[in-house]
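# okay, here's the prediction I keep looking at, along with the sequence it came from:
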Amino acid sequence: MIAWLASVDRWLFVFINSTLANPVGDLLWPAVTDFDKILVVRIVLVAAWIWLILRGGTRGRTAALLLIPVLVSADQLASSVLKPLFDRPRPCHMINGVRFVEQIHLLVNCGPGKSFPSSHAVNNAAVATLFSYYYRRLWPWLFGWAFVICLSRVAVGVHYPSDVLGGAAVGVLVALAIVLIWQRIHQTIFPAPSPGSSPAGEGPP
């Protein structure tokens, strides 16, 4: 079963990365996969975060502040724990001068990092989950973009499909865990009044 799943994973990688390759994708995928490295995008993202803090109300401030532990936890879990644990080479890595996947259409620098899980998938799925929790109507757009980022990691040749699927699952779980922990903390600090209770110092209506 494991060998069969590995062969399917490899086949899907070759199909997305090489069979579907085209000049338009060669131009767009590298920009999409590292969109957050573009200066204008960074400025917009920082401005959006500041706006949520200043004008987003309780919901916006909560989401913006939780974004920090969500991203830190997701990224560190992926890069410092899971990647060393699984120690999976990327499809673009080479051994004895031969790439792990010969039919590769590499569009970006392969990098020395390990393959499983994809940190891009982990981080973007975590962000999509967090903001989908607080802004329910935006979930199709948020997860749609996270899916595009996941797909881009395969398209540029640095991750297998299983890397991004596993990474997305990790990101979702990390974000949900942070939200649940915050809810417990919030309920402890600001417990909700029991039904029928009256504010201190006031009698029943």
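All right, it came through fine.
# which helices and strands sit right next to the helix ranked longest in the chain?
In the chain, with assignment by DSSP state H, the single longest helix is helix 161-189. Under the contact criterion of 3 or more C-beta pairs under 8 Å, 6 or more residues apart in numbering; DSSP states H and E, helix 161-189 touches helix 2-14, helix 57-76, helix 119-134, helix 139-155. C-beta here means a position set from N, CA and C on the backbone, and glycine is covered the same way.
# go ahead and confirm Val148 touches Val32.
Yes. Counting by C-beta atoms under 8 Å, Val148 touches Val32, with 6.3 Å between them.
# can you check which residues contact both of those two?
Counting by C-beta atoms under 8 Å, 6 or more residues apart in numbering, Val148 and Val32 have no common neighbour.
# what strands line up against the worst-scoring helix or strand of the chain on mean pLDDT, and which way round?
Across the helices and strands of the chain, mean confidence by mean pLDDT, DSSP states H and E is lowest for strand 98-99: a mean of 80. Partners of strand 98-99 in the sheet, by DSSP bridges, are strand 94-95 (antiparallel).
# avg pLDDT for the strand it pairs with?
Mean pLDDT, computed over strand 94-95, is 84.
# contact partners of that strand?
Under C-beta under 8 Å, 6+ apart, the answer for strand 94-95 is 89, 100.
# buried ones in stretch 143-151?
Neighbour-count burial for stretch 143-151 flags 143, 146-147, 149-151 (criterion: 16 or more other C-beta atoms under 10 Å).
# biggest separation within these, which pair?
Greatest spatial distance among these (C-beta to C-beta): Phe143 and Leu151, at 12.4 Å.
# closest to Ser162 out of the helices and strands packed on helix 161-189?
Of all the helices and strands packed on helix 161-189, helix 2-14 comes closest under C-beta to C-beta, at 4.7 Å.
# for that closest one, packing partners?
Counting by 3+ C-beta pairs under 8 Å, 6+ apart, helix 2-14 packs on helix 161-189.
# now the helix it packs on and helix 57-76, what's the angle there?
130 degrees (axes from the mean of the first three to the mean of the last three C-alpha atoms, to 10 degrees).
# if you average pLDDT over helix 161-189, what comes out?
On average, helix 161-189 scores 95.
# can you check what angle separates it from helix 119-134?
Using the same axes, to 10 degrees: helix 161-189 against helix 119-134 is 40 degrees.
# deepest of the helices and strands packed on helix 161-189, which one?
Comparing the helices and strands packed on helix 161-189 by mean neighbour count (mean count of other C-beta atoms under 10 Å), helix 119-134 comes out on top with a mean of 24.
# name the surrounding residues that touch stretch 171-186.
Residues from elsewhere that reach stretch 171-186, judged by C-beta under 8 Å, 6+ apart: 62, 66, 69-70, 73-74, 77, 121-130, 133, 146.
# with stretch 136-152 instead?
16, 29, 32-33, 35, 118, 120-121, 124-125, 127-128, 131-132, 135, 164-165, 167-168, 171.
# what does stretch 77-87 give?
Taking C-beta under 8 Å, 6+ apart as the rule, stretch 77-87 contacts 113-119, 122-123, 167, 170, 174.
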